[in-house]
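S.K.: can't give you the sequence, but here's the structure:
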Ligand code: PMT
C-alpha cells in the first residue's frame, strides 16, 4: 500500500469509532489517507481525532467555515487510488445507490474514478431489509466492492449480521487488491464448491464429506487476482469475504446444475471443484420415513453431470477445469474423466494421500492437461494449491 492514496469516507454509525483504528492501519501500511465525514459521522467521532491521525484536515462541508474556501469533491475523487467507505450507514448506501449528492461524501463518491470499497454497518434488521439489500445489489452492479458485515453482537445488544468488518481485515482486502497481480481483471470465473445434499425425506439426505475449503480457496485467489467470481456453493458453513465473490447457495445437484448452466455462458472459465452426488433418490418422501422391522430399499436415479454438460456447450475461448477425487487407478481415471467431460485440464487429488482431499486444510495435487502435460505438486495449504491451479488457468487463458 506504500504511497497509495486512500479517501476514507465515514458515515453516521456507532462503528465510526473503528475508523480511527482503520486510519492507523492504512498509514502503518504506507498509505496516505484523506478523511471525508458526513455531518452525522461527527456526532460519533470527532474530526479532530481523525485529522490528528491523518495529518490532514477532515473534509466535511462543501465550503470551509472560516474563509468560505470551496472543497472540490472532483479533485478528491481524482486524487484517490481507492475510496473506502467505512462504516457505511443504510442512509449513505441509499444515497450512493440513487445518486443523492447532498453531502461531501456522496459527491466525492460520484466523482471517484478509483475502485470503491464499501463496508456497511448497521443493526441486523436494517441490514436485512429488502431496500438495503437492493441498494447493495445496485452498488455492486456499479462495480463497487462490498465488504460484507460480520455477524455478532451489535450496538443494540442484539445478535446478527451488521457489524462492520474489522479494520485489519478491511486493510487486508484493500491491500490485497493492490498487491495481487490483477491478471484476471475483467474475467468472470464460475467456481463450484462443497457437497450436494440429495433429500430422502424432510430430515435425511445423501451427501458427502466435502467441506468447501478447496473451492472457497479457489474463489478467494481468483478474486484477489482481479476476477469477478461466481461461486456456486453446496451446503457448507464457510463464509466468503472478498467483495468480488458473488455467492449462490444451492443444496442439490439439480440446483447446482441450474445455477451453473445459467452462469457459464457469460464466463471465461469454470472450475468444477464441488463433490456432486452422482445419484439422488427417485422419490422424496413428503413426511419423515418411519422405522419398521422390514428392510428398506432406496431406488436411486442419476443426477445430471454438470461438468459434462458444460463440456458440451463450451465455446472455443472458454476454459473448463475439473477435479478428480480418486482412490485407485488414479491417473487413468482422471484422464478418462477429462476426455469424457471435455475438460481443458483436470486436478487430481487422492484420498490415499495423507493431508489431501476432503475437509483438511491442505491438499496434494497433480494437474493433467489436454496436451499430455503432467505437473505434480507437494503438500501445501489449500490456498497455496489454489494459487497453483489459478497460475495454470492464467497460462491456459494466455493472459
Ligand atoms: O471441499 P473440501 O473438503 O476442501 O474437499 C475438496 C475436494 C476433495 C471435494 C475437491 O478437491 C475435489 O476433488 N472435488 C471433486 C470431487 C469429485 O466429485 O470428483 P469426481 O471425480 O466425482 O468428479 C469429477 C468432476 O466432475 C469434478 O470436477 C466434479 O465437480 C464434476 N462432477 C461430478 C459429478 C456430477 N454429477 N457433476 C459434476 O460436475
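M.R.: That came through, no problem. The structure displayed is predicted, hence computed values, not measured ones.

S.K.: low-scoring stretches of the stretch 51-200 of the chain, by residue?
M.R.: 63-70, 73, 179-181 (pLDDT under 70).

S.K.: Near the ligand, which residues of it are found?
M.R.: Proximity of the stretch 51-200 of the chain to the ligand, by C-beta under 6 Å from any ligand atom, involves residues 192, 194. Where you see a C-beta, it was placed from the backbone N, CA and C, and this is true even at glycine.

S.K.: Let's verify the residue in the stretch 1-150 of the chain that the ligand sits nearest to: helix, strand, or coil?
M.R.: Proximity to the ligand, evaluated over the stretch 1-150 of the chain using C-beta to the nearest ligand atom, is greatest for residue 148 at 21.2 Å. Assigned with DSSP: H, G, I helix; E, B strand; the rest coil, residue 148 falls in the coil class.

S.K.: Quick check on it: phi, psi?
M.R.: Per-residue torsions, residue 148: phi -60, psi 140 (degrees, to the nearest 10).

S.K.: swap in residue 7?
M.R.: phi -90, psi 120.

S.K.: Test my guess that it contacts residue 34.
M.R.: Yes - using C-beta atoms under 8 Å, residue 7 is in contact with residue 34, at 5.2 Å.

S.K.: shared neighbours of those two, anything?
M.R.: 76, 79, 80 (C-beta atoms under 8 Å, 6 or more residues apart in numbering).

S.K.: ok, the residue of the stretch 1-150 of the chain closest to the ligand touching residue 242?
M.R.: No - Residue 148 is beyond contact range of residue 242, at 9.4 Å (criterion: C-beta under 8 Å).

S.K.: How many residues are close by residue 49?
M.R.: Residue 49: 15 surrounding residues under other C-beta atoms under 10 Å.

S.K.: Which strand residues bridge residue 8?
M.R.: residue 35, residue 84 (DSSP bridges).

S.K.: So residue 7 and residue 34 - more neighbours on which side?
M.R.: The residue with more neighbours, out of residue 7 and residue 34, is residue 7; 26 against 20, by other C-beta under 10 Å.

S.K.: give me every residue that touches that one.
M.R.: Neighbours of residue 7 in contact, by C-beta under 8 Å, 6+ apart: 33-36, 76-77, 79-80, 82-84, 108, 112.

S.K.: let's see 6 Å
M.R.: By C-beta atoms under 6 Å, 6 or more residues apart in numbering, the residues touching residue 7 are 34, 76, 80, 83.

S.K.: now for these, which pair is the farthest apart?
M.R.: Across those, the longest distance by C-beta to C-beta is 9.7 Å; it joins 34 and 83.

S.K.: And the helices in the stretch 1-150 of the chain?
M.R.: 18-28, 47-54, 73-79, 90-98, 104-111, 124-128, 130-141 (DSSP state H, counting those that start in this stretch).

S.K.: Looking at those, which one is packed in the most?
M.R.: Among these, helix 104-111 has the highest mean neighbour count (mean count of other C-beta atoms under 10 Å), at a mean of 22.

S.K.: how big is the angle separating that helix from helix 90-98?
M.R.: 30 degrees (axes from the mean of the first three to the mean of the last three C-alpha atoms, to 10 degrees).

S.K.: Secondary structure element holding residue 151?
M.R.: Using DSSP states H and E, residue 151 sits in strand 150-153.

S.K.: So what's the gap between that strand and the chain middle?
M.R.: In this view, strand 150-153 has its centroid 18 Å away from the chain centroid, taken as C-alpha atoms, centre = their mean, to the nearest Å.

S.K.: Adjust the sequence numbering to begin at 58 for everything that follows.
M.R.: Got it, the first residue is 58 from now on, which makes the last one we talked about strand 207-210.

S.K.: ok but residue 229 is inside a strand, no?
M.R.: No - under three-state DSSP, residue 229 sits outside any strand and is assigned helix.

S.K.: and it, what does it touch?
M.R.: By C-beta under 6 Å, 6+ apart, residue 229 has no neighbours at all.

S.K.: swap in residue 271?
M.R.: The contact partners of residue 271, taken as C-beta under 6 Å, 6+ apart, are 330, 439.

S.K.: Please pull up the helix or strand immediately following the helix or strand encompassing it.
M.R.: For residue 271, the host element (DSSP H and E) is helix 270-281. Next helix or strand after helix 270-281 toward the C-terminus (DSSP H and E): strand 285-290.

S.K.: partner strands of that next one, parallel or antiparallel?
M.R.: strand 245-250 (parallel), strand 302-306 (parallel).

S.K.: can that strand be found next to the ligand?
M.R.: No - using C-beta under 6 Å from any ligand atom, strand 285-290 stays clear of the ligand, with a minimum separation of 10.0 Å.

S.K.: for residue 419, what are its contacts?
M.R.: Counting by C-beta under 6 Å, 6+ apart, the residues that residue 419 touches are 412, 436, 438.

S.K.: Look up the pLDDT of the closest residue to the second one other than its chain neighbours for me, please.
M.R.: Ranked by C-beta to C-beta, 6 or more residues apart in numbering and with sequence neighbours excluded, the top spatial neighbour of residue 436 is residue 421, at 4.7 Å. What the model reports as pLDDT for residue 421 is 95.
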